[in-house]
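*Asks:* sequence first, predicted model second:
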Amino acid sequence: MIVRVSEARVRPERFDAFHELIVSAVRDFPARNPGLVDHEVLVAPPHSLLYVSRWRSEEDLVAYAGEHWRDDPVVLPGEEEYLLGPLELRHFTVAPLDRTA
C-alpha cells in the first residue's frame, strides 16, 4: 500500500472555499479509481489542508496521477488562486508493526 499526502498551504481568507472545493472534487474518487483504498481530507485552519489517499499499488497510482506520480501533484483547475504556494507531495509505504519485539 502507498499513502499519498498532498499538503496545501491555503490563503486564510480562502480556506473555507478551498475546503469545499476539495471535498466536492474528491467525493467520487473511489468510484472513479478502483485502486484507491480510502481517502480523507484533514484540515488545520487557517492555512493547512491535507488530502491523504491510500493506494493498493504503484500501478493504481500511475493510472490516477500519471507516470510522474512521485513528483507531480494532481492539481484542480483554478486551484492556485487559493494557495500560498505550490502543493507539497509526499509518499509513504505502510510498514508492518512487529509487536513481538
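*Replies:* Looks like it arrived, so ask away.
*Asks:* so where's this protein uncertain?
*Replies:* Applying pLDDT under 70 to the chain flags the ranges 99-101.
*Asks:* what about the helices in it?
*Replies:* Ranges of helices in the chain, per DSSP state H, are 15-26, 29-32, 58-65.
*Asks:* any idea which of the ones you listed gets closest to Val5?
*Replies:* helix 58-65 (12.6 Å; CB to CB). In short, each C-beta sits where N, CA and C put it, glycine included.
*Asks:* residues in contact with the closest one?
*Replies:* Contact with helix 58-65 is made by 2, 4, 33-36, 55, 69, 72-74, as judged by CB atoms under 8 Å, 6 or more residues apart in numbering.
*Asks:* give me the beta-bridge partners of Arg90?
*Replies:* Val5 (DSSP bridges).
*Asks:* residues touching it, list them.
*Replies:* Per CB under 8 Å, 6+ apart, neighbours of Arg90: 4-5, 7.
*Asks:* just the buried ones from those residues?
*Replies:* Taking 16 or more other CB atoms under 10 Å as the criterion, what is buried in those is 4, 7.
*Asks:* any idea which of the contacts of Arg90 is closest to Asp28?
*Replies:* Nearest to Asp28 among these, with distances taken as CB to CB, is Arg4, at 17.5 Å.
*Asks:* just the strands in the chain please.
*Replies:* 2-9, 36-44, 48-55, 88-93 (DSSP state E).
*Asks:* which strands or helices does the second one pack on?
*Replies:* Strand 36-44 makes packing contacts with helix 15-26, helix 29-32, strand 48-55 when contacts are defined by 3 or more CB pairs under 8 Å, 6 or more residues apart in numbering; DSSP states H and E.
*Asks:* list the buried residues of stretch 30-44.
*Replies:* So stretch 30-44, judged by 16+ other CB under 10 Å, has buried residues 33, 35-37, 39, 43.
*Asks:* can you get me the start-to-end distance on that stretch?
*Replies:* One end of stretch 30-44 to the other measures 24 Å (CA to CA, to the nearest Å).
*Asks:* please consider this matter closed, and thank you.
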